[in-house]
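**Student:** what follows is a predicted structure for the sequence shown.
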Amino acid sequence: MAKLRDELSERSRSLVRTASNSLDFVWHGPTWMNRLTGDMPHQAPKKEETKMKKVLGIGGLTMMSTAAIIGSGIFVLTGQVASSAVGGNNAGPGVIVSYVIGGVVAMLSAMCYMEFAAETNTTGASIVYSCKIFGKLVAWLVAIHVLMELVIAAAAVATGFSGYLASLIKILDEVGPHRLDSWDGSVTLTSPGANGVTLTIDLVAAATVLIVTLLLVCGVQQAEWVQNTCTSGCLISIIMSIITGAVYSQPSNWTPFAPGGFDGMFRGASVVFFAYLGFEMMAAAPEESINAKRDVPLGIGISVIGCTVLYVLMALVITGMVPSSQINIKAPFSEAFKAKGASWMAIIVAFGGLAGILDTIVVVQYSMSRTFVMLGRMGLVPPILSRVHPRTQTPVISVLFCGAVSTLLALFVPLADLADLTSLGALFAFCVVSAAVLFRRYYQRPSELAYPHPGLTGRRGAPLWLILIPFFSIIGASLGLAFGYATNTHYGVWVAMGGWWFVATMFMWLGLPQVFRPVKVATPLFPWWPAAGILTTLFLIGSLGLKPDNEKGTVRLDPSNWIRWGYACLVGVVLFGAYGITEYFYNRKHGSPPPRHADSPFVEGMAPEHDACSGDDIIDELPVTCPYVEDKGCKAGVIGAGGVDGHARTEKDVSAVEQA
């Protein structure tokens, strides 16, 4: 019996160790890719690494965000969402409401981004934020969606560039030999034979992505010069379009206001949300910002509010000039002015559209390459993608890799499919960031509470299980409302889900103590603001399951986008599991990785560069105040195995901090 008892006890301990190791891997992630190069996962650049050059100020960051937002939203998607022709979303003049809804949702998420952005100096944006709060598995799922968003966005906007170029050439060809009347920017290839296969490729879009890639290889400063020039031209074109378009607008074209009803407007909001991706792309720029903790939050707020106003005015103009059934999907503004006989204005709009879309491609390619830099440091993709060239101070390998992928997509994939997938990826990332802001106010890991850092309220937090109940209730109720709306369920379900969401949020507001409050930028109306961010982003994800039915003038259920979303999550989990299996066999052959450093809080100068899921790191920019009373030798340096400068962290250390 004693032998059997010992054997069972050993098996129990083995299971506990296995479960503990699995949870540790879910939080910290793989190390084997970095260890192949003699390194460990990290987030901030190491002391011996080449750093990216800090050249972006508040003006450059705001122009970057504005360029991405107005380029794609105004000059690519407005016509697609408003048009009731085949391929449109049938929102009609209701596209104005779609942009307002998209702007409100963007502002709910943007404020959450601003709270985190005020505390970080590293690239990575939503990936870093979610890693800090939820660990590397969630960060990896966010990365999958962000990459899907960015890779496809570059190709989608490049397709719009091709359409505007074709429109401009046709306008100019009217006074010429009329040889390009049928050219639309693409080339059609047909295989020989009676039943040959036809393939349409967009060479202009692919060439545009390649040119932007080479520009980013040269350096961020060079790309900023080109971007600022193009953005200025784009803004001039927008202002002229609003003034001239108002002259040609006819109030009768705004009737019916919403041919697709509320479904069409909500569906349109999900699609035009693609236009608001600019602020998230700009959030990837802190490492190259001169004063990131001040300028990045300001740039986000200015760009989202300003661009929403421009969206509404431009949507009002295009639907006033042309009936929704006659709006050209690929180049709405140029074709609208051309139809009114104002070919000179069509030329200006076409040039402005080209400039704005080129801006967007620059920002998307920039953000995508910086995302791969962070993933390479964190050990989630090959570390070679995180290397910075010593001369140009840019991640050349990452930029070239992203350019090659986007070029292939720009050649073959249609714009309508691209916009849906991009919006879905962005909405998922925004939802996770809103959830991270909500969760971290009520729960801080014990290792974080041991640091006397700004933001801690000193209140005793509620048990984790008591926090998780209302937290998951908010998410569950939001999902119920979203998919209940999309599937046209009974109104009683809406009432039940809405009540559930309200009660859960109210309980967090009145019943749970906040253990952390940001000292720089705090999300207002907490917890209602981030809870509303979760609700609205999930609601828009649900509306992406609706497709316009142009024959009936309504929308119909089409879960294909949800299925793609599920596939993306499944691929992420499978890849992370494969990383775990590889980590297991690598550790068996080469030994376990070095001990990871302690979970560090968001403190000036040391967080989140030294995150719980980032591995060993080095601080080399700002001094760090030692949080350990007895650690007399503390200095800015390596945060080692649970302590500072390699000193072990002990219960005595923690108790000394608590007493202090």
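**Tutor:** Nice, I can see it.

**Student:** how about low-confidence regions in the stretch 301-450 of the chain?
**Tutor:** 330, 413-420, 447, 450 (pLDDT under 70).

**Student:** the same query, at a cut-off of 50, please.
**Tutor:** Within the stretch 301-450 of the chain, no range satisfies pLDDT under 50.

**Student:** could you do the stretch 451-600 of the chain as well?
**Tutor:** For the stretch 451-600 of the chain, applying pLDDT under 50 flags the ranges 598-600.

**Student:** how about a cut-off of 80?
**Tutor:** In the predicted model, the stretch 451-600 of the chain carries pLDDT under 80 at residues 451-454, 486, 488, 490, 543-561, 591-600.

**Student:** show me where it has its helices.
**Tutor:** Along the stretch 451-600 of the chain, the segments classed as helices by DSSP state H, counting those that start in this stretch run 464-486, 491-511, 528-543, 560-590.

**Student:** give the contact list for Val104.
**Tutor:** Thr536 (CB atoms under 8 Å, 6 or more residues apart in numbering). Just so you know, the C-beta spots here come from the backbone N, C-alpha and C atoms, and that holds for glycine as well.

**Student:** now the angle between helix 528-543 and the helix or strand containing it, please.
**Tutor:** Per DSSP states H and E, Val104 falls inside helix 95-117. Put simply, helix 95-117 runs at 130 degrees to helix 528-543, going by axes from the mean of the first three to the mean of the last three CA atoms, to 10 degrees.

**Student:** can you list the buried residues in the following helix or strand past helix 95-117?
**Tutor:** Sequence-wise, the next helix or strand downstream of helix 95-117 (DSSP H and E) is helix 126-134. By 16 or more other CB atoms under 10 Å, the buried positions in helix 126-134 come out as Ser126, Ile127, Val128, Tyr129, Ser130, Cys131, Lys132, Ile133, Phe134.

**Student:** from the residues you listed, which is closest to Glu280?
**Tutor:** Ranked by distance to Glu280 (CB to CB), the buried residues of helix 126-134 are led by Ser126 at 6.6 Å.

**Student:** leaving out the residues flanking it, which one is nearest to Ala139?
**Tutor:** Leaving aside its sequence neighbours, Ala139 sits nearest to Cys131 (CB to CB, 6 or more residues apart in numbering; 3.6 Å).

**Student:** try Phe507
**Tutor:** Counting by CB to CB, 6+ apart, the residue nearest Phe507 is Pro470, at 4.8 Å.

**Student:** pretty sure the one you found is touching Trp509, no?
**Tutor:** No. In this structure Pro470 lies outside contact range of Trp509 using CB atoms under 8 Å: 9.5 Å.

**Student:** contact partners for Met148?
**Tutor:** Per CB under 8 Å, 6+ apart, neighbours of Met148: Leu421, Thr422, Leu424, Gly425, Ala568.

**Student:** now for the residues you listed, which pair is the farthest apart?
**Tutor:** Checking the contacts of Met148 with CB to CB, the most distant pair is Thr422 and Ala568, at 12.0 Å.

**Student:** pick out whichever of the two has more residues nearby.
**Tutor:** Between Thr422 and Ala568, counting by other CB atoms under 10 Å, Thr422 is the more crowded of the two (28 against 19).

**Student:** sorry, back to before: can you get me a residue count around the residue nearest to Phe507?
**Tutor:** 25.

**Student:** I'd like the distance between it and Gly476.
**Tutor:** 10 Å (CB to CB, to the nearest Å).

**Student:** test my guess that Ser303 contacts Phe279.
**Tutor:** Yes. Ser303 lies in contact with Phe279 (CB under 8 Å); the separation is 5.7 Å.

**Student:** shared neighbours, these two?
**Tutor:** Between them, Ser303 and Phe279 share these contacting residues under CB under 8 Å, 6+ apart: Ser65, Ile69.

**Student:** look at the two and report which has more neighbours.
**Tutor:** Phe279 (31 against 26).

**Student:** surely the more buried one touches Ile69?
**Tutor:** Yes. Judged on CB under 8 Å, Phe279 makes contact with Ile69 at a distance of 7.1 Å.

**Student:** can you work out which residues contact both of the two?
**Tutor:** With CB under 8 Å, 6+ apart as the test, Phe279 and Ile69 both reach Ser303, Val304.

**Student:** so what's Thr66 up against?
**Tutor:** Contacts for Thr66 (CB under 8 Å, 6+ apart) come out as Thr231, Leu235, Gly278, Ser303, Gly306, Cys307.

**Student:** from these, list the buried ones, please.
**Tutor:** Buried among those (16+ other CB under 10 Å): Thr231, Leu235, Gly278, Ser303, Cys307.

**Student:** tell me the one of these nearest Thr523?
**Tutor:** Nearest member of those to Thr523, counting by CB to CB, is Ser303, at 18.0 Å.
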